[in-house]
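Trainee: Pasting the sequence and the predicted model now:
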Amino acid sequence: MKKNILFLMFFVFISFNLAQNQNDWKLSGQVQLRSELDGRDFSNKTYPLTFSTIRTRIGIEKFVSDKIQFFAQLQDSRALGQGTPTTFLSNVDLYQGFVKLINPFDLDLEVQAGRFQMIYGTERFIGASNWSYIARSFDGVRFSIDPQNIDLDVFAITVNEKQAIISNPAPALYPNPSKDNESFSLYGFYKKSSLTEKSKLDLFGYYEIDRKDIKPDTNTINRFTIGTTYSGNYGNFSTLVEAAYQFGKLEGLDLAAYLASIQGSYNFGVTTLTAGADILSGNNPKEPKKRGAFNVGYGTNHKFYGYMDYFPANAGGLGLNNFYLKFALNPADSKFNFMIDFHHFMTNQKSLSNKNILGQELDLTVVYRLVPGTSITWGGSLFFPGDLMKAAYAPREDIAFWSFVMITANF
């Protein structure tokens, strides 16, 4: 504990001292504080839960000439009132810490290694999930090939490593038991392309392997995902189309799953109207030996499937059909933005009881931009449960509600 305290004090001291005295050091930070009123249990007979979370980040960046970039970022994530002052460091971790080599060996290439964020496209498939008070970062290496022209990223990520580190070899440690070599890895690429000045097409693919065996020579996960994102702007009208297909094996069973999404927006000036649909395939309960549920494990789901965050988790593996309308009001010369979102949720496959209506969600969000980099956000949501949600939360079937106030400050 004393070593951790000294490390934290040293990091903060170096950050402020070097940022103030060296022009080639850069200091950054963020505080995100959110209080929530949680009545998402579909019961008006219970008191809603109340809790607050805070996420604090501080980072330092250093460039060595124009060839090497160092970046380290500490993050403290906690629910307010969690723990005691003597145990606070259990919530502190290295959120990002990497070195980036720029044009090594005079190649048009960047190599990033360590722990870092990966944000691609709309974040539907791979994102940072920054709404969360913990958020997501990845451990591994990423190659950015010719960023100005080819713009191709290739990455190798360790999602979970169970292999114990062997500091000093000894006969008793070998051969290493296979149960200790159950790492979970992610390998993939993301390619950005500009079709015209107003349209873009991204292509991506990744492979996941969880080496834990459920039976001899049968890994838990051997999953491939390939997909694309198209975005176009045509005057006041814009469109977004995303699609992906998953195949491989899950626990030894064949996998065939898909995601399809289409969205259109029209800008009327200070207002924008958006309509769209997301289709995520699901498991057919009448075919238990096949897997058809699309997995969105690395996406920022909060952006897409309702702010109350019921889905896709509460779809029960049956997939998700999300039909939505969104209205945004951005008054000229105002610090306020207003948004209203309406979702109609269904499962992609019907349940064994022949039901597929999950319900409807209404989200209202107001953002006040206090100063550049700092905003105050209020949100309020209602969920009107359908037959499947009523059955899942039975006997509770009242309208659910949720609200929050959040302050996000960056420097």
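Mentor: Great, that's in hand. Residues are numbered from 1 along each chain as shown.
Trainee: drop to CA atoms for contacts and neighbour counts, all remaining ones
Mentor: Will do.
Trainee: Any stretches of this structure with poor pLDDT?
Mentor: Where the chain drops to pLDDT under 70, the residues are 1-23, 83-89, 177-181.
Trainee: who touches the spatially most distant residue from the centre of it in this structure?
Mentor: The C-alpha centroid of the chain is most remote from residue 171, which lies 43.0 Å away (Cα atoms, centre = their mean). With Cα atoms under 8 Å, 6 or more residues apart in numbering as the criterion, no residue contacts residue 171.
Trainee: same deal with residue 335?
Mentor: Shown in contact with residue 335 (Cα under 8 Å, 6+ apart): 367, 368, 369, 370.
Trainee: now residue 279
Mentor: 259, 260, 261, 319, 320, 321, 322, 348.
Trainee: Of the contacts of residue 335, select the buried ones using a PyMOL command.
Mentor: Buried members of those, defined by 16 or more other Cα atoms under 10 Å, are picked up in PyMOL with:
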select buried, resi 367+368+369
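Trainee: between the contacts of residue 335, which is closest to residue 254?
Mentor: Using Cα to Cα, residue 367 comes nearest to residue 254 of the contacts of residue 335, at 45.1 Å.
Trainee: circling back: so of the contacts of residue 335, which ones are in helices?
Mentor: Of these, none are assigned to helices by DSSP state H.
Trainee: Make a markdown table from the contacts of residue 335 and add distance to residue 98 to it.
Mentor: Listed next are the contacts of residue 335 as a markdown table, based on distance: Cα to Cα, whole Å:
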| residue | distance to residue 98 |
| --- | --- |
| 367 | 33 |
| 368 | 34 |
| 369 | 31 |
| 370 | 32 |
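Trainee: which residues in the stretch 101-250 of the chain form strands?
Mentor: 109-116, 138-145, 152-160, 184-196, 199-215, 218-234, 237-250 (DSSP state E, counting those that start in this stretch).
Trainee: In CSV: these, plus mean neighbour count and distance to residue 410.
Mentor: Shown next, in CSV, are these (neighbours: other Cα atoms under 10 Å; distance: least, Cα to Cα, whole Å):
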stretch, mean neighbour count, distance to residue 410
strand 109-116, 20, 18
strand 138-145, 20, 22
strand 152-160, 18, 28
strand 184-196, 17, 28
strand 199-215, 18, 29
strand 218-234, 18, 29
strand 237-250, 19, 29
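Trainee: Just put the ones you listed in TSV and tack on distance to residue 397.
Mentor: Putting the strands of the stretch 101-250 of the chain into TSV (distance: least, Cα to Cα, whole Å) gives the following:
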stretch	distance to residue 397
strand 109-116	42
strand 138-145	39
strand 152-160	38
strand 184-196	39
strand 199-215	38
strand 218-234	36
strand 237-250	34
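Trainee: Could you report the neighbour count for the closest residue to residue 332 other than its chain neighbours?
Mentor: Leaving out its chain neighbours, the residue that sits closest to residue 332 by Cα to Cα, 6 or more residues apart in numbering is residue 270, at 6.6 Å. Residue 270: 11 surrounding residues under other Cα atoms under 10 Å.
Trainee: got a list of what residue 270 touches?
Mentor: Going by Cα under 8 Å, 6+ apart, residue 270 touches 329, 330, 331, 332.
Trainee: so is the last one in a helix, a strand, or just coil?
Mentor: Using DSSP: H, G, I helix; E, B strand; the rest coil, the structure places residue 332 in coil.
Trainee: Excluding chain neighbours, what is closest to residue 302?
Mentor: residue 309 is the one closest to residue 302 (Cα to Cα, 6+ apart), at 6.1 Å.
Trainee: quick one, strands of the stretch 251-400 of the chain?
Mentor: Going by DSSP E, counting those that start in this stretch, the stretch 251-400 of the chain shows strands at 253-267, 271-280, 290-291, 320-329, 336-346, 357-371, 374-385, 400-410.
Trainee: Among those, which comes closest to residue 50?
Mentor: strand 400-410 (9.6 Å).
Trainee: who touches that closest one?
Mentor: Here strand 400-410 makes contact (Cα under 8 Å, 6+ apart) with 28-43, 308, 373-385.
Trainee: Apply 7 Å and report the result again.
Mentor: Contacting residues not belonging to strand 400-410 are listed as 29-42, 308, 373-384 [Cα atoms under 7 Å, 6 or more residues apart in numbering].
Trainee: That strand pairs with which strands, parallel or anti?
Mentor: For strand 400-410, sheet partners with direction are given as strand 25-39 (antiparallel), strand 374-385 (antiparallel), following DSSP bridges.
Trainee: Specify the angle between the last one and strand 357-371 in degrees.
Mentor: This points to strand 374-385. If you take axes from the mean of the first three to the mean of the last three Cα atoms, to 10 degrees, strand 374-385 sits at 170 degrees to strand 357-371.
Trainee: bridging residues for residue 196?
Mentor: residue 199.
Trainee: could you check the distance from it over to residue 190?
Mentor: Noted for residue 196: a distance of 19 Å to residue 190, by Cα to Cα, to the nearest Å.
Trainee: Buried among the contacts of strand 400-410? Make that a ChimeraX selection.
Mentor: The ChimeraX command for the buried members of the contacts of strand 400-410 (criterion: 16+ other Cα under 10 Å) is given here:
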select :30,31,32,33,34,35,36,37,38,39,40,41,42,308,374,375,376,377,378,379,380,381,382,383,384
